[in-house]
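**Student:** Quick one, what's the 3D model for this:
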Amino acid sequence: MSQRIDDYATPMKEAIHEDGVIPTRDGLAWWQRTGYAISDMVETATSWARDRWNSFVDLVDRDRNNEPDGPDMER
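**Tutor:** From the prediction side, this is the model:
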């Protein structure tokens, strides 16, 4: 049995009018889905930056530990 397009469009039109969003299968609006994607990107970038910073700090600490104590020797 085939249904007319109006049978599909009417509930969507009502949902848009009531909720202001197009209903989706997962229940998220486009702006919610976009917010989650941005949140994931920020977390990934922050994690990468934190790892790079910690590597830099470790490198600097290792170099400091290898320096001789006391004033620099002049040649």
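**Student:** pLDDT of the longest helix anywhere in the chain, averaged?
**Tutor:** Assignment by DSSP state H gives helix 30-66 as the longest helix of the chain. Per-residue pLDDT values across helix 30-66 average out to 87.
**Student:** which secondary structure elements does that helix contact?
**Tutor:** Helices and strands touching helix 30-66, as assessed by 3 or more C-beta pairs under 8 Å, 6 or more residues apart in numbering; DSSP states H and E, are absent. C-beta here means a position set from N, CA and C on the backbone, and glycine is covered the same way.
**Student:** Please point out which parts of that helix sit buried.
**Tutor:** Across helix 30-66, burial judged by 16 or more other C-beta atoms under 10 Å covers no residue at all.
**Student:** which residues touch residue 18?
**Tutor:** Residue 18 makes no contacts at all, as judged by C-beta atoms under 8 Å, 6 or more residues apart in numbering.
**Student:** any idea which element it lies in?
**Tutor:** Counting by DSSP states H and E, the element that carries residue 18 is helix 5-19.
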